[in-house]
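> here is the input, now give the coordinates:
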Amino acid sequence: MQIYLPIAELSVNIFLILSMGAMVGFLSGMFGVGGGFLMTPLLIFSGIPPAVAVATEANQIVASSVSGAIAHWRRKSLDLKMGLVLLAGGSVGSVVGVALFSRLRASGQVDLLISLSYVLFLGVIGTLMFFESIRSIHRAQGGQAPKRRKPGQHNWIHGLPFKMRFRRSKLYISAIPPILIGFVVGLLAAIMGVGGGFIMVPAMIYLLRMPTSVVVGTSLFQIVFVTALVTVLHATNTQTVDALLALLLLLGGVVGAQIGVRVGVKMKGEQLRALLAIMVMAVSAKIAFDLIVTPDDLFTISTGSSH
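So this is what the prediction gives:
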C-alpha cells in the first residue's frame, strides 16, 4: 500500500515505514537508547531525502521521549537544574546547527555533511562501545567485579570556574562542561536528526560523575526540549519536516519498543552493548561505502556550444 509524503515528495510503502519504526523501536526498547542514530540512516537508505530524514526524525524523537521524561519526573529521578543548564547549551547548539544546515542545504552540500557526521560519530562511538563491552565480558567471565565510579569523585572538571551546586546530583561543579555537552548535543540534533543520548549519557556519567539514577531522566528532559526546538527551527527555516512520515514512524516505534523491553530484560548488559556496538559500526560502514562507491547514475556537466 503506497502513501504519498508531501514534504519528501515521493511515494513509499506504508508497511515498510511502519516496519522500520517498529524495528528501531524494538532496538530502542531492548538496548535502552534512542533510535535516532539508526532511524535517520535507514530512512536515507530507503530513499527519503537526507534533509527530510534529519528534520522528521527530530520530530519523532520529541514524541517518543516525552513519556519517558514524564515517568522520570514522577519518580524524582531527574535533576531539573542540571537539565536546564544542559538545555541552555543545547538551545544555542540547535540554532547554530540549523543555521549551518540551512546554509549548506542552499549550496547543495548538506547531504555530504549528514553522511560525514554519521561516519565519524557512529564509527568512533561504535568502536569505543564494542571494545568496552568486550572488556566487560572478559571481566565477567574471569569473575572480576566491574570498576565502579563514585558520584562526586573529583577530576579536572572541579578546577573550572563558574561553579554551581546541583543538589539532586549531589555535585558542586562548573557550569561550563554541562553547557558544552548540551551545545554539542544540540548541534548533532540539528545536523544528524538524533537525540544525542548516546553521547550525553556517557558524558554525564564519566565526565560530570552524575549518579546513574538521575542520568537517564535528565538526558530525556534535555532531549525533549532540544529536539522540539530543532523541529520548529527546521519547519520554519528549511521546511523539511514531514509530519505524516513522523506519525507513521511513531506508530511503529511504540509497538516495537514494548516488545524490545521484554526481550532486553532477558539478555546480559555486556551482550546488549556488544550487539548495539556492532550495529552502530555496520551503519557507519554502510554510509562510508555509499560515499566511496561509484553511483549507478553518472552525471556530467559540459559547456554547451553556442549556435
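
> could you pull up the mean pLDDT of whichever strand or helix holds residue 218?
Assigned by DSSP states H and E, residue 218 belongs to helix 212-237. Averaged across helix 212-237, the pLDDT comes to 81.

> next structured bit after it?
Scanning forward in sequence from helix 212-237 by DSSP H and E, the next helix or strand is helix 243-264.

> show me what counts as buried in that next one.
By neighbour count on 16 or more other CB atoms under 10 Å, the buried set for helix 243-264 is 244-250, 252-254, 256-257, 260, 264. Heads up, the C-betas are built off the backbone N, CA and C, glycines and all.

> now do that helix and helix 212-237, the angle between them.
160 degrees (axes from the mean of the first three to the mean of the last three CA atoms, to 10 degrees).

> show me what helix 243-264 is packed up against.
strand 2-5, helix 14-31, helix 50-75 (3 or more CB pairs under 8 Å, 6 or more residues apart in numbering; DSSP states H and E).

> phi, psi for the closest residue in space to residue 9 that isn't next to it in sequence please.
Among residues not flanking residue 9 along the chain, residue 49 sits closest, at 8.0 Å (CB to CB, 6 or more residues apart in numbering). Backbone geometry at residue 49, expressed as degrees, to the nearest 10, gives phi -60, psi 130.

> what is the burial count for residue 49?
The tally of other residues near residue 49 (other CB atoms under 10 Å) stands at 20.

> could you do residue 227 as well?
31.

> wait, what's in contact with it?
By CB atoms under 8 Å, 6 or more residues apart in numbering, the contact set of residue 227 is 58-59, 61-62, 65, 189, 195.

> make a markdown table from those and add distance to residue 136 and neighbour count to it.
A markdown table is the format used below for these (distance: CB to CB, whole Å; neighbours: other CB atoms under 10 Å):
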| residue | distance to residue 136 | neighbour count |
| --- | --- | --- |
| 58 | 32 | 33 |
| 59 | 35 | 24 |
| 61 | 28 | 32 |
| 62 | 32 | 21 |
| 65 | 27 | 24 |
| 189 | 29 | 31 |
| 195 | 24 | 31 |
